[in-house]
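# Fold the following, please.
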Amino acid sequence: MIPPEASRRKHRIPRGVRLLHYGLPVALGWSIPLAVQRATGQPLLLPGQLFLLLGIAAAYSLDRLLDAPEEGGSDRLRPLLVAAFAGSAALGTVTALLLPRQSLALVVLLGASALGYRRWKRFPFAKALGVPLAWTWASLVLPFPARSWFGWRALLAPVAPTLFLLFAAGCLLCDLKDEGADARSGVRSFPVMFGARWTMAAAMVLAVGAMGQAWSAHRPGLAASGAALFILGLFPQLTARGVLGALAVDAALALPGLFIWMHLI
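Okay, here's the model as predicted:
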């Protein structure tokens with residue numbers, strides 16, 4: 001029999017992979033606005049884009065600091081998370097002063113929602129709907145010139161449903177790794193209520209819907225993200241594997257910006 005210590009060493013996630021996992025949501029915040037710019041023709045607003053990246057870094061750093069250590073342990077990286085949160089929050093506060101008032105109203109709304117996240121995610125479908133909506137709304141509004149209070153007009157853009165479907169599919173796949181923890185803490189996530197098999201099926205249907213919308217609108221980068229998420233749905237043993245599963249999902253969602261940056265589309 002393998003000693004427990006040896007078993008833990010065997011499944012320990014390399015530090016470089018964990019750092020990539022920490023950084024990919026920020027890369028996602030860079031990627032999606034590029035896809036939105038390509039779809040809408042709007043100019044990027046540098047302070048808004050910077051604030052989006054800093055906000056993502058602060059929110060995800062804090063969330064991981066509050067969570068229990070992930071597989072393999074992350075105690076050695078906690079000082080990095082603390083520094084990332086403190087630095088991002090401080091710079092984000094300064095950058096927020098440069099935002100239009102209409103966009104700043106959305107920042108306040110999203111900030112209040114983030115503060116209550118650990119409570120409202122206990123409601124049925126809250127994670128499955130609230131998180132994708134926040135990602136979609138922020139990505140459509142903050143990096144671009146303001147057109148309405150809270151940026152509500154941006155939600156009417158033809159690309160908005162595609163983004164929501166992609167984020168919803170990605171969130172469902174990421175929820176697979178949290179099924180046990182959510183069940184123990186009373187969070188009624190989709191996997192907790194319906195099980196892993198139905199969660200994968202729902203994620204794949206959403207990914208196909210996003211892929212179809214993107215392809216019909218001639219948006220190959222977003223279509224590639226939908227295809228990648230659909231393929232990930234075929235491998236639940238990967239998507240349920242903590243850091244590696246989340247890393248794969250974030251990488252799939254970041255494909256549009258990567259393709260645009262490489263001038264492939």
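
# For the helix or strand containing F230, which outside residues touch it?
Taking DSSP states H and E as the criterion, F230 maps to helix 220-232. Helix 220-232 has contacts (CB atoms under 8 Å, 6 or more residues apart in numbering) with 35, 38-39, 159, 162-163, 165-166, 169-170, 173, 203-204, 206-212, 214-215, 238-239, 248-249, 251-253, 255-257, 259-260, 265. All C-beta atoms are positioned from the backbone trio N, CA, C, and that covers glycine.

# what about V26, distance to A251?
13 Å (CB to CB, to the nearest Å).

# Between those two, which has more neighbouring residues?
V26 (21 against 18; other CB atoms under 10 Å).

# In three-state terms, label the more buried one for me.
Put simply, V26 is helix when judged by DSSP: H, G, I helix; E, B strand; the rest coil.

# Could you do I56 as well?
Judged by three-state DSSP, the three-state class of I56 is helix.

# What's the local residue count around the nearest residue to it once chain neighbours are set aside?
If you skip the residues right next to it in sequence, I56 has G29 as its closest partner in space, 4.4 Å away by CB to CB, 6 or more residues apart in numbering. A total of 26 residues lie near G29 under the criterion other CB under 10 Å.

# so what's G29 up against?
Neighbouring residues of G29 by CB under 8 Å, 6+ apart: L52, L53, G55, I56, S139.

# Now those in CSV, please, with extra columns for pLDDT and distance to G116.
Listed next are the contacts of G29 as CSV, based on pLDDT from 0 to 100; distance: CB to CB, whole Å:
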residue, pLDDT, distance to G116
L52, 94, 20
L53, 94, 23
G55, 90, 16
I56, 91, 18
S139, 94, 21
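
# still on that earlier bit, residues of the helix holding F230 that come out buried?
Within helix 220-232, the residues scored as buried using 16 or more other CB atoms under 10 Å are P220, G221, L222, A223, A224, S225, G226, A227, A228, L229, F230, L232.

# The helix or strand hosting T162 - contacts with which helices or strands?
Using DSSP H and E, T162 falls within helix 160-175. Judged by 3 or more CB pairs under 8 Å, 6 or more residues apart in numbering; DSSP states H and E, helix 160-175 is in contact with helix 15-40, helix 126-141, helix 190-216, helix 220-232, helix 242-253.

# Need the CA coordinates for the fourth one. CSV is fine.
Going back to what we said before, that points to helix 220-232. Output of helix 220-232 as CSV, limited to C-alpha atoms (Å, rounded to 0.1, in the frame of the first residue of the first chain):
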residue,chain,number,x,y,z
PRO,A,220,-14.7,31.8,-35.4
GLY,A,221,-12.8,32.6,-32.2
LEU,A,222,-16.0,32.3,-30.1
ALA,A,223,-17.0,29.2,-32.1
ALA,A,224,-13.7,27.6,-31.3
SER,A,225,-14.3,28.3,-27.5
GLY,A,226,-17.7,26.6,-27.8
ALA,A,227,-16.2,23.6,-29.6
ALA,A,228,-13.4,23.3,-26.9
LEU,A,229,-15.9,23.4,-24.1
PHE,A,230,-18.0,20.8,-25.8
ILE,A,231,-15.0,18.5,-26.1
LEU,A,232,-14.1,19.1,-22.4
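
# right, and the helix or strand after that helix?
Per DSSP H and E, the helix or strand that comes after helix 220-232 is helix 236-239.

# Let me see the mean pLDDT of that following helix.
Mean per-residue pLDDT for helix 236-239: 82.

# buried ones in that helix?
In helix 236-239, counting by 16+ other CB under 10 Å, buried: P236, L238, T239.
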